[in-house]
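Colleague: Any chance you could fold what I've pasted below:
(3 chains)
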Amino acid sequence: MVPTGYVLVLAAVLFLLGLVGVVLRRNVIIVMMSVELMLNGVNMTLIGFARARGEMFGQAFSFMIIALAAAEAAVGLAILVAIFRTRRTVNVDEISLMRH
Amino acid sequence: MLTFIIATAIKVVFFVVLFGLTLSAILTWMERRQSAMMQDRLGPVRANIGKVRLWGLLHPLADALKLVVKEDFRPPHAYRALYVLAPMLALLPALLVFAVIPFGPPVCIDQLGAALADVGGMCKPDQLHYLQIANLDIGLLFVFGIASLGVYGAVLAGWSSNNNYALLGGLRAAAQMLSYEVTMGMAVMGIFLVYGSLEPMSIVEQQSTMLDWGIVKQPLGFILFFFAAIAETKRAPFDIPEGESEIVGYFVEYSGTRFMVFYLGEFIEIVFVGTLITTLYLGGWQFPGLASDGFHSFFGFNVNWLMPHWAVVALQMGAFVTKVFIVCFFQLAIRWTLPRLRYDQLMALGWKGLLPASIFNVVLTAAVMLALQSVK
Amino acid sequence: MDLLSQKTPLSQRRPFISSLMATIALLVPWLATSVAWATPQAAAAAKTAPAFNGALWTFYIFGALTIAGALLTITRRNPVTAALWLVFTLFATAGVYLSLHATFMAAIQVLVYAGAIMVLFMFVVMMVGNTERQEFGIMRGLFSKVVALGAIALLGWRLISLLMRQAPAKAAMVSDGYGSVHSMGGVLFREYLFPFEAISVLLLVAIVGAVVISRRSTEEKEEV
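Modeller: Numbers count the residues shown, from 1 in each chain, chains lettered A, B, ... in the order given. Prediction:
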């Protein structure tokens, strides 16, 4: 049996590492990967609580978060491809203009 | 615990090494012989050890020897770590998925001589062994999860070779495998609905008579699954990512042992698809008409031939191997029968043809199941 | 498409071994603190538990691998390597889920995340081509980075200390079918049927949106 506190700390560390990646990296693709890390941290929290309470609802939530992550990745990567096609860059500092 | 480890080790050695690897080595020879027969040639018949020739069956050995001693060429500016990793990533999923395939009935070790009508009930729990490496609750989800990782081998091989043609091949492979995985998953959904389980062992046990076989209950699903599985293994007519003779594939920069790993991985995947189709659609290890203590009906006649437990197990394992071999034979024959699809045709077939059909299959199966339930 | 862009030569890449060593150096303190932070209740629970706790050791191993993978993911310069380490991290996360008896979620994690989403990432990385040189040095925007990292450290400290104080130390006993496909199906299709349907509509919208966004408009095509 895993103490719930350990799971929550691991999840928090995962979330924070993702946050560090979002803040420090300039490559949009890696920023998006860091967002995935953060989502996984949240997922792990939910599954940890589900285990602590001995019920399935937390797992149902995390199932939906995975579906959400799939939608996010699809749309985000499509936007990325569209931006790259017009601006030839994936650096977040260079795509701050809001026009073509 | 120790018995469990020993039993698992024996199962792994038997099923993966003796069955999987040997059959895939034989298939490399069989493919060349089969194509030779279709094209009125002799094919590889000349490899021999002294006088022993065995119709050329020694060719896989000779091929392996040749590829192992070949120079290991690495293209300049290749991304070294990933270049080395890619063949392993291509082979590993193909080997891992064998873990959940049942290759025989439950075996009662201490009553091999007796005729057992009910193996599960008449055997002591510590003597009962399932001929399956791991019986997981998630069963087939494990298979699809691991099989979906096969993409990385192709993509990384293409990318790390530092060759534009290899990169294009890798991209094609990724797009193709991602597209057909969806169809594969949807097609197998019908099997889940019919048998109400994700565990391969339970699915096989429910296919005890030939009328219960998946191919009878899910004919459309079988066809869709077979097509999608061939596309997943990147075999003709869907071999655009590889196309060794005409198109430059993702492993164009590989040679020697690393190429052999890709090549072997492809044939292991053929064997794996064979075992999976056998398990899901062709009754797995079930021998038609054979109950766990012998034959009670034989082609419609009522008979009462009791057989010892070991004979039943041997017959059923033989049935499994035979079925797998037949499915593999078909996969090879398709390659020398159908022309290759163009890339846009491949995508159109996957997304506009097979995927809607597989969704239709799921809806149809669910509707029929619901109707049958309400009749009861 | 920038499919045909050149990759940077091998000499510019940082060695692999040093990054691995750094990861291990970072891992050891984390493991030590997580053991030391165990609440008294947790320690009491551990005393009553049998000598070898398989789930806990699974958790330790895969937890350590998760952190290592996440660190490597956010520090790699090359997007392909970063994506691969993220796949590794997701695998390790699936292992953590297994130690929490969430077998179905572990399978879905591998199937959907590692098998589908990350392949999509990989696909786009390769289509976009080499982007390594577009990363600026660590000095650019140093002030804002330091401030952001400080804020993250503060958040992390508060979060972890709060979690450690408030977390239920002893997990509930669970039955045999917990986390299985069957129990998951029961929850998803009874209690959470509406959210389930809503998320499927969302996915459909996302698919259509992705196609519309990434497709070239007709005028662009004429230019090319």
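Colleague: Can you pull up the residues of chain B that come close to chain C?
Modeller: B:77, B:79-82, B:136-138, B:141-142, B:144-146, B:148-149, B:151-152, B:155-156, B:158-159, B:162, B:164, B:167-168, B:170-171, B:174-175, B:177-178, B:181, B:198 (Cβ under 8 Å from any Cβ of the partner chain). For every residue, glycine as well, the C-beta is placed using N, CA and C.
Colleague: switch to 7 Å and redo it
Modeller: Residues of chain B lying close to chain C (Cβ under 7 Å from any Cβ of the partner chain) are B:77, B:80-81, B:137-138, B:141-142, B:144-145, B:148-149, B:151, B:155, B:159, B:162, B:164, B:167-168, B:171, B:174, B:178, B:198.
Colleague: and residue B:295, which of the three is it?
Modeller: strand (DSSP: H, G, I helix; E, B strand; the rest coil).
Colleague: Check what pLDDT the closest residue to it other than its chain neighbours gets.
Modeller: In space, residue B:295 comes closest to residue B:305 once its chain neighbours are excluded; the distance is 4.5 Å by Cβ to Cβ, 6 or more residues apart in numbering or on different chains. Residue B:305 carries a pLDDT value of 79.
Colleague: pretty sure residue B:305 belongs to a strand, no?
Modeller: Yes: under three-state DSSP, residue B:305 falls within a strand.
Colleague: looking at it, it is touching residue B:296, isn't it?
Modeller: No: applying Cβ atoms under 7 Å, one finds residue B:305 not in contact with residue B:296, separated by 8.2 Å.
Colleague: Might you report the residue contacts of the residue in chain B positioned nearest to chain C?
Modeller: In chain B, the residue found nearest to chain C is residue B:148; the distance is 2.9 Å by Cβ to the nearest Cβ. With contact set as Cβ atoms under 7 Å, 6 or more residues apart in numbering or on different chains, residue B:148 has these partners: B:181, C:111, C:115-116.
Colleague: repeat that with 6 Å
Modeller: Neighbouring residues of residue B:148 by Cβ atoms under 6 Å, 6 or more residues apart in numbering or on different chains: B:181, C:115.
Colleague: repeat for residue B:197
Modeller: Contacts of residue B:197 by Cβ under 6 Å, 6+ apart are residue B:203.
Colleague: hmm, try it at 8 Å
Modeller: Residues near residue B:197 by Cβ atoms under 8 Å, 6 or more residues apart in numbering or on different chains: B:139, B:203, B:206.
Colleague: Same question for residue B:138.
Modeller: Per Cβ under 8 Å, 6+ apart, neighbours of residue B:138: B:198, C:103-104, C:106-107, C:180-181.
Colleague: which of the residues you listed lies closest to chain A?
Modeller: The closest of those, once distances to chain A are taken by Cβ to the nearest Cβ, is residue C:104, at 7.2 Å.
Colleague: what's the strand or helix carrying the closest one in contact with?
Modeller: Here residue C:104, judged by DSSP states H and E, is contained in helix C:103-108. Outside helix C:103-108, the residues within contact range by Cβ under 8 Å, 6+ apart are A:47, A:59, A:62-63, A:66, B:136-138, B:141-142, B:145, C:94-95, C:97-98, C:179-181, C:184.
Colleague: run the last query once more with 7 Å
Modeller: Residues contacting helix C:103-108 (Cβ under 7 Å, 6+ apart): A:47, A:59, A:62-63, A:66, B:137-138, B:141-142, B:145, C:94, C:97-98, C:179-181, C:184.
Colleague: Just the pLDDT at the residue of chain B closest to chain C, thanks.
Modeller: So residue B:148 comes in at 88 (pLDDT).
Colleague: For it, what are phi and psi?
Modeller: The phi and psi values for residue B:148, taken as degrees, to the nearest 10, are phi -70, psi -10.
Colleague: what's around residue B:159, how many residues?
Modeller: Residue B:159 has 25 neighbours, counted by other Cβ atoms under 10 Å in any protein chain shown.
Colleague: so it touches residue B:171, yeah?
Modeller: No: shown here, residue B:159 and residue B:171 do not form a contact pair, counting by Cβ under 7 Å, at 8.8 Å.
Colleague: Next one: residue 48, what pLDDT does it get?
Modeller: No chain was given, so I picked chain A. Predicted confidence (pLDDT) at residue A:48: the value is 90.
Colleague: meant chain C, my bad for not saying
Modeller: You'll see residue C:48 listed with a pLDDT of 49.
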